[in-house]
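Colleague: can't give you the sequence, but here's the structure:
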């Protein structure tokens, strides 16, 4: 994937990951870029999240610095000082102000950052910055991801490029650990903030790998205007196209995170129809997506619709179980809360696919929502019993 | 375990379990017994739950009938008719009224009961009733349980005996699939209801195996007065002893369910201290207990305290992360939200034990709570990928 105009990126190994794999990446905009961000709603927020929240209030940024191998979370005042030192050190090398550097960390919680390594990594990454650096950056932010995650789209004369990492501690609000989107479009801040919020609701905030919200979740977007288009505001003819393109990139990255979820063998769409509001539909779908029992059944391709209804019953929504329909793998296995006419053998065959669908008809209203999750496999447990987050 | 006076029990195999293992049990009181119950809060409630809720309103019962192998949940109007037919059939054999029979089912969801088998099972179980039948009954209600669960206690001249089954779909409110307690004490209904509610709050409602609330959870208690004691009311000298004894039985059964949780290798106590209210403490402990990521780490004896804080941060409690302490295996690994002086190697060694403790100091108030859970193992996933609930 090629970076949009006016961006350079890099990824280097500075020794934070015991494996020796790349673990520090930078994306730099040659021009000051309009910036917006969405962050974890976890009460416990990592130092870089606290700092980047503060920096992004200015609405403009020049650089994203991200390290893997250490989340700099639950590290106290020293952790916050370290996050600030990361921004300062990068700002010095880039000849910009520290407030224009957005820092991000992912990896183990509760261990102080090795700042000597981080400083050296920032120096090397600054020297390695290149318009061809997208792949190196994508690799440097991986943790338990098995593959890098990128997506791109065009909007008028401009392009959008996105990067993300999963693959555990994934739950809505904010859904992904780290995602970065850069565009050379000129976009007014108001539209950028609004479009990002809108896109994240239906994409990053509509996926769940394990129902666990991380301390470091961050989604950032930088728009540097290098495409020299007339700035896109809410009333601009390209506003719709920009929203669509941003959404396309977010949706692709969010899906890639679910596909690469720890131990996952399937991508599961939980589709809720007939809710009284989009909020209710998302809540219903999210509750079903978080059912450990259902996700085990899907791992075994078991068309166990009772687990769908049992999960839905704990959502807090005052629905009538006696009207609910459930389709698994396209088969209507539950009709009006009781066994339906669908063919369980056909459902089982469909559940052997990589992509499976759980569809729920609540018959309360017209609202729908889809939440993406994956199956829960014995490998997920193995990864998380052995891997220190 | 011997049954209290005036109770007989039995367990037979009627063919609902494909394994041919015992799957239908009865406990009968020779005298009308004062009865109280606590039920699942899932919006989706199995037919026997709906019926037994109705029957227990009378406050008096003669018999508990329970089958495993089929939950009679999500089975529509026919399912309710089947539950009623179970009560009627048992009542006929016992020469009592159907309202005095409390029916219970556990097993697969969404499959109609084979009533021919159930009727035959009830007939056989009625014939097999015996004062020595406790073990047979305990065996007949098992599903994925690897062992039967019983507990007993004495109170003055009377005895209390309890039975329970786990071992999946276990989450607070109501916590266990099925639990039955019988006593030959004479107990006034008011005290019985209150003591049961109180006991279940700190026992059955303070355990979690997978955060999944079942459609069939039921806890019943019958007190038949065969010990011929003066009826125990709230002001009776034995009221405290009765509460204590009931609580002891509930606590033992609840703990046995966690110990035998599907795939579990450890019993984990999540202890929260310094909350502003017992409710807040329970909520904090429950949120941590439901963290899939933490439970995987405990499976691997990984002293990963960051996952404790990350889970706590999603509880909705407005606590200050910068004052929280976390002990794992007795080691203070997190102090004031940052790495503490505890020894991680000692914590890891302690986490290899069968019983482990996660202790959280919130420093907001004086309230405490303990929730029992277990680790999440690859075997849990295997059991639930292969087993149709």
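Modeller: Received the coordinates, thanks. As the structure is a computational prediction, the values presented were derived from the model and not from experiment.

Colleague: just the helices in chain A please.
Modeller: Assignment of helices within chain A using DSSP state H yields the ranges A:47-56, A:76-94, A:115-128, A:134-140, A:189-202, A:239-259, A:278-289, A:292-299, A:305-312, A:344-350, A:378-386.

Colleague: For the fifth one, buried residues please.
Modeller: Of all the residues in helix A:189-202, those buried under the rule 16 or more other CB atoms under 10 Å in any protein chain shown are A:191-193, A:195-196, A:199-202. C-betas here are computed from N, CA, C, even on glycine.

Colleague: Enumerate the residues of the stretch 201-350 of chain A near chain B.
Modeller: Listed as neighbours of chain B in the stretch 201-350 of chain A under the rule CB under 8 Å from any CB of the partner chain: A:210-215, A:291-293, A:296-297, A:299-300, A:302, A:304-307, A:309-315, A:317-319, A:321-322, A:333-334, A:336-339.

Colleague: Buried ones from the residues you listed, can you make that a PyMOL selection?
Modeller: Those of those that count as buried under 16+ other CB under 10 Å are selected in PyMOL with:
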select buried, chain A and resi 210+211+212+213+214+215+291+292+293+296+297+299+300+302+304+305+306+307+309+310+311+312+313+314+315+317+319+321+333+334+336+337+338+339
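
Colleague: and the closest residue in space to residue A:79 that isn't next to it in sequence, how far is that from residue B:312?
Modeller: What sits nearest to residue A:79 in space, not counting adjacent residues and going by CB to CB, 6 or more residues apart in numbering or on different chains, is residue A:47, at 3.9 Å. When distances are taken as CB to CB, to the nearest Å, residue A:47 and residue B:312 turn out to be 18 Å apart.

Colleague: residues touching residue A:23, list them.
Modeller: Under the criterion of CB atoms under 8 Å, 6 or more residues apart in numbering or on different chains, the contact partners of residue A:23 comprise A:12-17, A:67-69, A:121, A:140.

Colleague: ok, now residue A:131?
Modeller: With contacts defined as CB under 8 Å, 6+ apart, residue A:131 is in contact with A:2-3, A:7-8.

Colleague: Pipe the residues you listed into JSON lines and attach pLDDT and distance to residue B:126 per row.
Modeller: As requested, the contacts of residue A:131 are arranged in JSON lines below (pLDDT from 0 to 100; distance: CB to CB, whole Å):
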{"residue": "A:2", "pLDDT": "92", "distance to residue B:126": "78"}
{"residue": "A:3", "pLDDT": "94", "distance to residue B:126": "78"}
{"residue": "A:7", "pLDDT": "95", "distance to residue B:126": "79"}
{"residue": "A:8", "pLDDT": "96", "distance to residue B:126": "82"}
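
Colleague: So which of those residues wins on neighbours?
Modeller: When the contacts of residue A:131 are compared by neighbour count (other CB atoms under 10 Å in any protein chain shown), residue A:7 ends up highest, at 28 neighbours.

Colleague: I'd say the residue nearest to residue A:79 and residue A:85 touch.
Modeller: No: under the contact definition of CB atoms under 8 Å, residue A:47 does not touch residue A:85, with a separation of 10.5 Å.

Colleague: quick one, which of the two is more surrounded?
Modeller: Using other CB under 10 Å, the more surrounded residue of residue A:47 and residue A:85 is residue A:47, with 27 against 18.

Colleague: so what pLDDT did the more buried one get?
Modeller: With respect to pLDDT, residue A:47 scores 95.

Colleague: In the stretch 251-389 of chain A, which residue sits nearest chain B?
Modeller: For the stretch 251-389 of chain A, the residue closest to chain B is residue A:306, as judged by CB to the nearest CB, at 2.5 Å.

Colleague: For residue A:49, which residues are in contact?
Modeller: Counting by CB under 8 Å, 6+ apart, residue A:49 has contacts A:39-40, A:104, A:215-218.

Colleague: quick one on the thing from earlier: among the contacts of residue A:131, which ones lie close to chain B?
Modeller: Counting by CB under 8 Å from any CB, no member of the contacts of residue A:131 is near chain B.

Colleague: Those residues in strands, which ones?
Modeller: Judged by DSSP state E, strands contain the following of the contacts of residue A:131: A:7-8.

Colleague: Would you mind giving the contacts of residue A:131 as CSV with distance to residue B:384 added?
Modeller: Putting the contacts of residue A:131 into CSV (distance: CB to CB, whole Å) gives the following:
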residue, distance to residue B:384
A:2, 45
A:3, 44
A:7, 46
A:8, 48
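
Colleague: Tell me how far the lowest-mean-pLDDT helix or strand in chain A lies from the chain's centre.
Modeller: Of all the helices and strands that make up chain A, the one with the lowest confidence by mean pLDDT, DSSP states H and E is strand A:207-208; it has a mean of 78. Strand A:207-208 sits 9 Å away from the centroid of its parent chain (CA atoms, centre = their mean, to the nearest Å).

Colleague: Next: stretch A:59-67.
Modeller: Taking CA atoms, centre = their mean, one finds stretch A:59-67 lying 17 Å from the centre of the chain it belongs to.

Colleague: There's contact between residue A:200 and residue A:251 in this structure, I believe.
Modeller: No: Residue A:200 is not in contact with residue A:251 according to CB under 8 Å; the separation is 10.3 Å.

Colleague: quick one: low-confidence parts of the stretch 51-200 of chain A?
Modeller: In the predicted model of the stretch 51-200 of chain A, residues A:169-177 satisfy pLDDT under 70.

Colleague: Closest residue of it to chain B?
Modeller: Closest point on the stretch 51-200 of chain A to chain B, by CB to the nearest CB, is residue A:109, at 2.4 Å.

Colleague: how far away is that residue from residue B:210?
Modeller: Taking CB to CB as the criterion, residue A:109 is separated from residue B:210 by 24 Å.

Colleague: Then residue A:245?
Modeller: Residue A:245 sits 41 Å away from residue B:210 when distances are taken as CB to CB.

Colleague: Now the buried members of the contacts of residue A:23.
Modeller: Buried members of the contacts of residue A:23, counted by 16+ other CB under 10 Å: A:12-14, A:16-17, A:67-69, A:121, A:140.

Colleague: care to break chain A down by domain?
Modeller: By the assignment in automatic domain parsing, chain A contains the domains A:7-259, A:267-386.

Colleague: Endpoint to endpoint, the longest one covers what distance?
Modeller: Counting by CA to CA, to the nearest Å, the length from the leading to the trailing residue of domain A:7-259 is 28 Å.

Colleague: And that domain, how far out from the chain middle?
Modeller: The answer for domain A:7-259 is 10 Å, by CA atoms, centre = their mean.

Colleague: Can I get the domains of chain A in a markdown table including distance to residue B:228?
Modeller: Compiled in a markdown table, the domains of chain A are given as follows (distance: least, CB to CB, whole Å):
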| stretch | distance to residue B:228 |
| --- | --- |
| domain A:7-259 | 53 |
| domain A:267-386 | 43 |
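
Colleague: Looking at those domains, spot the one closest to residue B:277.
Modeller: Within these, the stretch nearest residue B:277 is domain A:7-259; the backing value is 17.5 Å (CB to CB).

Colleague: mind listing what residue A:291 touches?
Modeller: When contacts are counted by CB under 8 Å, 6+ apart, residue A:291 is found next to A:307-308, A:310-311, B:212.

Colleague: what about 6 Å?
Modeller: With contacts taken as CB atoms under 6 Å, 6 or more residues apart in numbering or on different chains, residue A:291 has the following neighbours: residue A:311.

Colleague: Local confidence estimate at it?
Modeller: Reported pLDDT for residue A:291: 89.

Colleague: Please tell me I have it right and residue A:26 contacts residue A:11.
Modeller: No: the criterion here is CB atoms under 6 Å, and residue A:26 misses it with residue A:11 at 8.0 Å.

Colleague: show me the contacts for the residue nearest to residue A:79.
Modeller: Contact analysis of residue A:47 by CB under 6 Å, 6+ apart lists A:72, A:79-80, A:83.
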